[in-house]
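Participant: sequence and predicted model, in that order:
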Amino acid sequence: MSRGDESGLHFIIIGGSIAGLASAIALRASGHNVLVLEQERQLGGSDSVPSGVARVPPNGSKILFDWGLGPEVIENTIVSEGFMVYKYTGGHGPGLDCVGLNRWDPEFLTEARGDFRIFRHRDLLHILYDAAIRPPTPNDASKLSPKVTVLFGAEVVHIDMDLCSVSLRSGDIHIGDAVIGADGAGGIVRQSLMREQLEDPTATVDKYDLPTGLSVCSANISKVDGLTVPEFAKFYQSPHSNLGTVCVGSNRGALTSILGKSTELALSVYTPDCSDRGGWTRVADKKMSDVIGPCDIPFQNLAAYAGPSVCIQIKDHHELESWVSESGRVVVLGDAAHPFPPAAMNCYAIALEDEHRRDRCFRIRNADKHYITTLTLPDGEVQESRDALMRANQAAGRNVMDAPESSLQDIIDEMRMVFGYEPTDDADEWWMSWGRLRDASEA
Ligand SMILES: Cc1cc2nc3c(=O)[nH]c(=O)nc-3n(C[C@H](O)[C@H](O)[C@H](O)COP(=O)(O)OP(=O)(O)OC[C@H]3O[C@@H](n4cnc5c(N)ncnc54)[C@H](O)[C@@H]3O)c2cc1C
């Protein structure tokens with residue numbers, strides 16, 4: 001059994017991924033000791049599982065810069081300048097049917113005080129981990145020298161929400177002043193809150209989170225192979241190297257981008273064809289070429305070169321009534337609080353922030369869902385008018401998403417609002433009020 005020392009509070013964080021490590025950095029900076037318990041044996045899981053892409057819009061990247069991590073971020077990322085839009089199945093010969101281009105407006109980014117950065121998922125984790133465990137500098141070494149300890153291979157199997165204790169599969173027990181569940185959408189903390197709130201001791205995430213019928217499969221293509229597909233080879237060279245692609249299909253869609261500073265190309269495909277109930281930490285049984293479905297030849301060629309894939313079902317997640325336990329001592333953050341669709345635009349930034357204002361969080365998540373729906377519109381009139389709008393913009397020399405008073409413009413307006421958010425002040429206020437609530441509950 002272990003308990004923190006007398007300096008600051010002792011937080012236990014379950015989950016050593018984006019939200020868990022980001023919270024550890026923020027809590028240590030506020031003078032608290034943190035123990036992070038991560039079930040995987042190493043950061044980001046096994047090396048045999050491909051590392052995907054972390055898209056971090058300005059509201060997330062500015063946090064990393066504000067934490068003094070600018071040099072590491074610059075070293076490990078590319079700056080996204082926008083994306084080309086293609087039809088998934090254009091049916092116009094052997095090439096790709098290009099709908100147009102969307103560039104991030106530089107003024108919009110200056111206003112937002114950040115860049116749109118593309119990381120390899122594992123590189124972002126390493127940056128956060130190194131920052132979390134970094135020994136204090138002489139300037140930090142006041143009488144409080146808070147510490148972050150990360151234990152790997154530490155799977156939590158039980159939480160006592162009143163005593164604030166967690167039990168590991170190994171039999172070890174840890175007790176803290178507060179427990180933070182940053183263990184993802186399928187994690188034990190979200191499930192424990194679900195049981196408490198629904199008064200259903202048999203509640204499981206599988207019972208309450210319902211499949212939407214779509215999955216995301218992600219895999220990487222080496223530079224050597226990617227260069228042999230001419231339509232995608234150009235994304236390795238200027239002026240295209242800072243552009244991703246968004247491919248719009250009928251109940252299908254795809255995203256590509258160069259994987260940070262690595263030379264691989266990341267391909268994520270939205271598909272109805274994957275029954276594989278996998279996850280980010282397990283290689284899928286199906287290959288990319290099994291799930292890519294009807295598509296233009298360059299996509300087929302790309303899929304044929306793809307390495308091992310991961311497949312994740314997209315679900316409509318049960319909404320927790322509150323992110324804090326009745327005892328006031330257990331709280332969920334990141335995907336454990338507000339699961340985002342996999343490979344969504346905002347999941348990383350919101351996990352970094354971590355967004356505690358439920359209204360804003362749900363609005364952003366709905367915008368991400370809307371984005372996926374727009375991308376995968378089935379054949380029919382709505383899809384035709386979306387394409388006509390984008391093609392007309394392209395012909396007029398505008399961004400494809402420019403469309404006042406249309407639903408495409410709604411997506412852009414939402415992005416502007418999201419990217420410009422300054423989370424720090426709000427977050428401080430939230431932690432303080434949570435502390436006050438907890439004090440009141442203990443009185
Ligand atoms: C290995 C991995 C790779 C990913 N790759 C991508 C990607 O390429 N693209 C993308 O869009 N999203 C990816 N994601 C999801 C993405 O990280 C999240 O959607 C988002 O960043 C929110 O992060 P989070 O920290 O809240 O949750 P997650 O990133 O899901 O992290 C949850 C963490 O909790 C740990 N955990 C779960 N249960 C327990 C337990 N009982 N005890 C201890 N630890 C536990 C998990 O091992 C994991 O490290 C990945 C997630 C993981 C875990």
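Facilitator: Happy to help now that I have it. Numbers count the residues shown, from 1 in each chain.
Participant: only C-alpha atoms for contact and neighbour calcs from this point on.
Facilitator: OK.
Participant: residue 313 versus whichever residue of the stretch 101-250 of the chain sits closest to the ligand, what's the distance?
Facilitator: Nearest to the ligand, among the residues of the stretch 101-250 of the chain, is residue 183, at 3.3 Å (C-alpha to the nearest ligand atom). Residue 183 sits 17 Å away from residue 313, going by C-alpha to C-alpha, to the nearest Å.
Participant: so where does the residue of the stretch 101-250 of the chain closest to the ligand fall, helix or strand?
Facilitator: Taking DSSP states H and E as the definition, one finds residue 183 inside no helix or strand.
Participant: what's the closest non-adjacent residue to it?
Facilitator: The shortest distance from residue 183 to any residue other than its chain neighbours is 4.4 Å, reached at residue 15 (C-alpha to C-alpha, 6 or more residues apart in numbering).
Participant: so the residue of the stretch 101-250 of the chain closest to the ligand sits against residue 14, correct?
Facilitator: Yes - between residue 183 and residue 14 a contact is recorded at 5.7 Å, counting by C-alpha atoms under 8 Å.
Participant: circling back: the residue nearest to residue 183 reaches residue 38, doesn't it?
Facilitator: Yes - counting by C-alpha under 8 Å, residue 38 is a contact partner of residue 15 at 4.8 Å.
Participant: any idea which helix or strand comes after the helix or strand encompassing residue 13?
Facilitator: When secondary structure is defined by DSSP H and E, residue 13 falls within strand 10-14. Using DSSP H and E, the helix or strand that follows strand 10-14 towards the C-terminus is helix 18-29.
Participant: for that following helix, the distance to its chain's centre please.
Facilitator: Its chain's C-alpha centre and that of helix 18-29 lie 16 Å apart, by C-alpha atoms, centre = their mean, to the nearest Å.
Participant: cool, and stretch 91-109?
Facilitator: Relative to the chain's own centre, stretch 91-109 is displaced by 23 Å; criterion: C-alpha atoms, centre = their mean.
Participant: stretch 173-187 now?
Facilitator: Distance of stretch 173-187 from its chain centroid, counting by C-alpha atoms, centre = their mean, is 19 Å.
Participant: for residue 186, give its distance to residue 330.
Facilitator: Counting by C-alpha to C-alpha, the separation of residue 186 from residue 330 is 17 Å.
Participant: the more surrounded of the two?
Facilitator: The residue with more neighbours, out of residue 186 and residue 330, is residue 330; 28 against 16, by other C-alpha atoms under 10 Å.
Participant: got a list of what that one touches?
Facilitator: 161, 164, 178, 179, 180, 181, 324 (C-alpha atoms under 8 Å, 6 or more residues apart in numbering).
Participant: quick one: secondary structure of the residue nearest to it when sequence neighbours are not counted?
Facilitator: Of all residues not flanking residue 330 in the chain, residue 179 sits nearest, at 4.7 Å (C-alpha to C-alpha, 6+ apart). Applying DSSP: H, G, I helix; E, B strand; the rest coil to residue 179 yields a three-state assignment of strand.
Participant: pretty sure residue 179 sits against residue 13.
Facilitator: Yes - here residue 179 lies in contact with residue 13, judged by C-alpha under 8 Å, at a distance of 5.8 Å.
Participant: does residue 158 touch residue 167 like I think?
Facilitator: Yes - in this structure, residue 158 sits in contact with residue 167. The criterion is C-alpha under 8 Å, and the distance is 5.1 Å.
Participant: more neighbours, these two?
Facilitator: Higher neighbour count among residue 158 and residue 167: residue 167, with 18 against 15, using other C-alpha under 10 Å.
Participant: which residue is the nearest non-sequential neighbour of that one?
Facilitator: Counting by C-alpha to C-alpha, 6+ apart, the nearest residue to residue 167 once its immediate chain neighbours are dropped is residue 173, at 4.5 Å.
Participant: just the pLDDT for the one you found.
Facilitator: The predicted local confidence for residue 173 comes out at a pLDDT of 98.
Participant: what's the distance between it and residue 153?
Facilitator: In this view, residue 173 and residue 153 are 14 Å apart by C-alpha to C-alpha.
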